[in-house]
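>>> Here's my sequence, what's the structure:
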Amino acid sequence: MAFQVGSDLFQAGLVAQKLERSEAFLHESEERFTKMADASPVMMWMSGQDKLCTFVNKAWLEFTGRELTDQLGNGWVKGVHADDLEKCWQTYAEAFDRREPFVMQYRLLDKEGEYRWITDKGVPRYGPKVTFADTPGLV
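The predicted structure follows:
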């Protein structure tokens with residue numbers, strides 16, 4: 001009985017070490033992605049499985065002049081020109097639901113208060129085992 005308890009504790013320790021290494025690898029991977037995205041000269045964004053924005057890169061924030069927290073969720077739509085918003089959202093939502101890439105053009109408010117035409121390209125991202133993960137986009 002004592003041997004079994006000792007063996008179980010040893011196994012639990014190994015599992016804990018493996019979990020710590022996995023968490024460290026995940027953190028490093030996320031940090032690497034963010035640094036690469038922020039160094040890119042194109043605006044990038046990503047949404048979660050709920051269609052809400054979960055990430056925008058530095059180029060996006062510099063273009064819009066807004067804070068990250070203002071862009072997350074559905075905050076980014078506040079910068080889309082009112083005449084373009086319905087078509088923009090419909091294109092995005094339909095492609096998202098079909099898990100298909102899309103390209104759309106719309107006017108986005110820049111930091112100077114001017115609307116600029118942008119071309120937005122989104123592609124679905126799949127995780128391991130080909131499960132739908134989320135949708136990254138490049139503008």
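>>> Could you grab the helix/strand/coil label for residue 51?
State at residue 51, reduced to three classes by DSSP: H, G, I helix; E, B strand; the rest coil: coil.
>>> Then residue 111?
On the basis of three-state DSSP, residue 111 is classed as coil.
>>> pretty sure it is in contact with residue 64, am I right?
Yes: at 6.2 Å, residue 111 and residue 64 qualify as touching, with contact defined as CB atoms under 8 Å. C-beta: built from backbone N, CA, C; applies to glycine.
>>> Those two: who's more crowded?
With other CB atoms under 10 Å as the criterion, residue 111 and residue 64 differ in neighbour count, and residue 64 comes out ahead with 19 against 11.
>>> who touches that one in this structure?
When contacts are counted by CB atoms under 8 Å, 6 or more residues apart in numbering, residue 64 is found next to 71, 79, 108, 109, 110, 111.
>>> can you list the residues you listed in JSON lines and add pLDDT and distance to residue 33?
As requested, the contacts of residue 64 are exported to JSON lines (pLDDT from 0 to 100; distance: CB to CB, whole Å):
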{"residue": "71", "pLDDT": "95", "distance to residue 33": "17"}
{"residue": "79", "pLDDT": "96", "distance to residue 33": "24"}
{"residue": "108", "pLDDT": "98", "distance to residue 33": "23"}
{"residue": "109", "pLDDT": "98", "distance to residue 33": "27"}
{"residue": "110", "pLDDT": "98", "distance to residue 33": "25"}
{"residue": "111", "pLDDT": "98", "distance to residue 33": "25"}
